[in-house]
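Colleague: Using only what follows, build the 3D model:
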Amino acid sequence: MPPDFEPMEITLRDGRRVLVRALGRADEDELLQAFDRLGANARYMRFMHAVREANVPRLRRVLDSFPEKGLAIAATVPAADGIDIVGSASFVLGSGGDDCEFAVTVADGWAGAGLGSALMTALVDAARRRGLKEMTGFVLAENAPMLRLAIRLGFAVKRDPDDYSQCVCRLGLGGEAAS
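Modeller: Predicted coordinates:
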């Protein structure tokens with residue numbers, strides 16, 4: 001487990017409990033199962049285009065790069081086969097090493113309970129502990145719930161001037177919204 005993230009149990013607004021912990025290479029099978037359980041709309045909102053199958057080589061490269069080049073966390077719940085991942089969030093370090101780009105996914109059936117907020121809050125806190133200066137994310141302009149969450153968390157949200165179908169969400173990790 002990376003030293004910059006301690007597992008935590010969280011109770012969501014609807015009373016369900018999840019364990020939020022760091023992800024690593026050993027979680028590949030669970031991540032692939034979580035991907036398979038995502039509905040078409042959740043996949044589209046996360047990947048910003050239609051995705052039918054997981055890109056396993058890319059998943060392995062990203063997982064192998066952590067924790068040196070970023071962090072991935074997941075919300076897990078007990079399941080018949082051990083655990084199910086019901087949400088995840090990650091950041092990947094930028095080329096300068098002092099900023100990062102985030103991504104977040106919440107499984108169908110878990111949206112609206114505060115899971116996305118809990119994951120993003122934990123991710124922002126981990127990025128701050130790592131000493132990063134800025135967190136950025138690209139969100140589809142039609143993904144109103146994620147844009148509302150970003151604003152609530154203090155991100156500055158603006159349309160991407162190069163692609164009006166998406167917004168750029170930026171947060172200065174010193175606590176103030178970036179411009």
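
Colleague: Can I get the longest helix that the chain contains in CSV, CA atoms only?
Modeller: Secondary structure of the chain read by DSSP state H shows that its longest helix is helix 115-129. This file holds the C-alpha atoms of helix 115-129, laid out as CSV (Å, rounded to 0.1, in the frame of the first residue of the first chain):
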residue,chain,number,x,y,z
LEU,A,115,-19.5,8.4,-3.0
GLY,A,116,-18.0,10.6,-5.7
SER,A,117,-17.6,13.4,-3.2
ALA,A,118,-15.9,11.1,-0.7
LEU,A,119,-13.5,9.7,-3.3
MET,A,120,-12.6,13.1,-4.7
THR,A,121,-12.1,14.6,-1.2
ALA,A,122,-9.7,11.7,-0.4
LEU,A,123,-7.9,12.1,-3.7
VAL,A,124,-7.4,15.9,-3.2
ASP,A,125,-6.2,15.3,0.3
ALA,A,126,-3.7,12.7,-0.9
ALA,A,127,-2.4,15.0,-3.7
ARG,A,128,-1.9,17.8,-1.1
ARG,A,129,0.0,15.5,1.2
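
Colleague: Can you tell me how far residue 105 is from residue 96?
Modeller: 26 Å (CB to CB, to the nearest Å). (Glycine included, C-beta is placed from N, CA and C.)

Colleague: What of residue 39?
Modeller: In terms of CB to CB, residue 39 sits 36 Å off from residue 96.

Colleague: More neighbours: which of these two?
Modeller: residue 39 (11 against 8; other CB atoms under 10 Å).

Colleague: what residues does the helix or strand where residue 72 lies touch?
Modeller: Residue 72 is part of strand 70-79 when elements are defined by DSSP states H and E. If you take CB atoms under 8 Å, 6 or more residues apart in numbering as the criterion, strand 70-79 is touched by 2, 4-5, 10, 16-23, 27, 30-31, 34, 62-63, 66, 83-93, 100, 110, 115, 118-119, 122-123, 126-127, 130.

Colleague: same thing but at 7 Å, please
Modeller: 2, 4-5, 18-23, 66, 83-93, 100, 115, 119, 122-123, 126 (CB atoms under 7 Å, 6 or more residues apart in numbering).

Colleague: what do you get for stretch 163-170?
Modeller: Applying CB under 7 Å, 6+ apart, the contact partners of stretch 163-170 are 48, 134, 136-141, 147, 150, 155-160, 178.
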